[in-house]
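coordinates only, sequence not included:
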């Protein structure tokens, strides 16, 4: 009778962690950083259909790196969680902290109980009434949660970009300067080689704009993004919430769509 193959729990957890880290390291990087008007998300993502950055609820957004199908499942679960909680209680009861705790439980259970951990790293961010009230939570493949202050970088070049953000990011930066910093760091080669070129079309950019009345998430693309990234524009600011953004269309989902309809149609 053959002896069953035995692996110690410590070795099993180490192997799973190494597997997840290798998968995440192959992903293109995402940068999340605060600016004077809210929180900006900049992802190295040439796809116009497969988003790494998405809206979850009124003042909450989601960013991820890793396997798309796995973090898309998490995004959809987060939208359902937010819609159900906002409908059952109150819209103000939907918070980034609550969503991060729900994600942490899911990721932790998958890491310890399933045959393969999720190869993902995610950020849940909520914009507050002031910069001091902004919340940025980073969640790793094993369900660990970190409360980040000001900025975070994930993906293959995450450590290199984080080092650059520590040196160059400052509170109160305007949107153009924040996007320019993220773009510059994404272009750099972590190995020390020549910098590559990333055009506006190769970036996925969105913001949580605290100046908007309720639904603060908006995507920035096209001529507006090119202008913000251009050093020729000294103002580098985003148009007011009531001005149209070229190529931008708000998409209402779930309970958010019903609430928006109720606000605009008193009947």
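Alright, I've got the coordinates. What you see is a predicted model, and the numbers here were worked out from it, not measured in a lab. Numbering: from 1, shown residues only.

burial measure for the closest residue in space to residue 187 that isn't next to it in sequence, as a count.
Using C-beta to C-beta, 6 or more residues apart in numbering and skipping residues adjacent in sequence, the residue nearest residue 187 is residue 195, 4.6 Å away. To be clear about C-beta, it is placed using only N, CA and C from the backbone, and glycine gets the same treatment. Residues near residue 195, counting by other C-beta atoms under 10 Å, number 11.

how many neighbouring residues does the residue lying closest to residue 160 once chain neighbours are set aside have?
Setting aside the residues directly before and after it, residue 160 is nearest to residue 190 in space (C-beta to C-beta, 6+ apart), at 3.9 Å. Using other C-beta under 10 Å, residue 190 has 14 other residues around it.

residues contacting residue 190?
Applying C-beta atoms under 8 Å, 6 or more residues apart in numbering to residue 190 gives the contacts 156, 157, 159, 160.

most neighbours out of those residues, which is it?
Top of these by neighbour count (other C-beta under 10 Å): residue 157, with 22 neighbours.

before we move on, the earlier item: among the contacts of residue 190, name the ones in helices.
If you go by DSSP state H, these have 159, 160 in helices.

which stretches of the stretch 1-150 of the chain form strands?
With DSSP state E, counting those that start in this stretch as the criterion, the stretch 1-150 of the chain has strands at 30-35, 38-44, 53-57, 60-66, 120-126, 135-139, 145-148.

reformat these as JSON lines; add mean pLDDT and distance to residue 165.
Shown next, in JSON lines, are the strands of the stretch 1-150 of the chain (pLDDT from 0 to 100; distance: least, C-beta to C-beta, whole Å):
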{"stretch": "strand 30-35", "mean pLDDT": "96", "distance to residue 165": "7"}
{"stretch": "strand 38-44", "mean pLDDT": "96", "distance to residue 165": "11"}
{"stretch": "strand 53-57", "mean pLDDT": "96", "distance to residue 165": "17"}
{"stretch": "strand 60-66", "mean pLDDT": "96", "distance to residue 165": "15"}
{"stretch": "strand 120-126", "mean pLDDT": "97", "distance to residue 165": "14"}
{"stretch": "strand 135-139", "mean pLDDT": "97", "distance to residue 165": "12"}
{"stretch": "strand 145-148", "mean pLDDT": "95", "distance to residue 165": "11"}
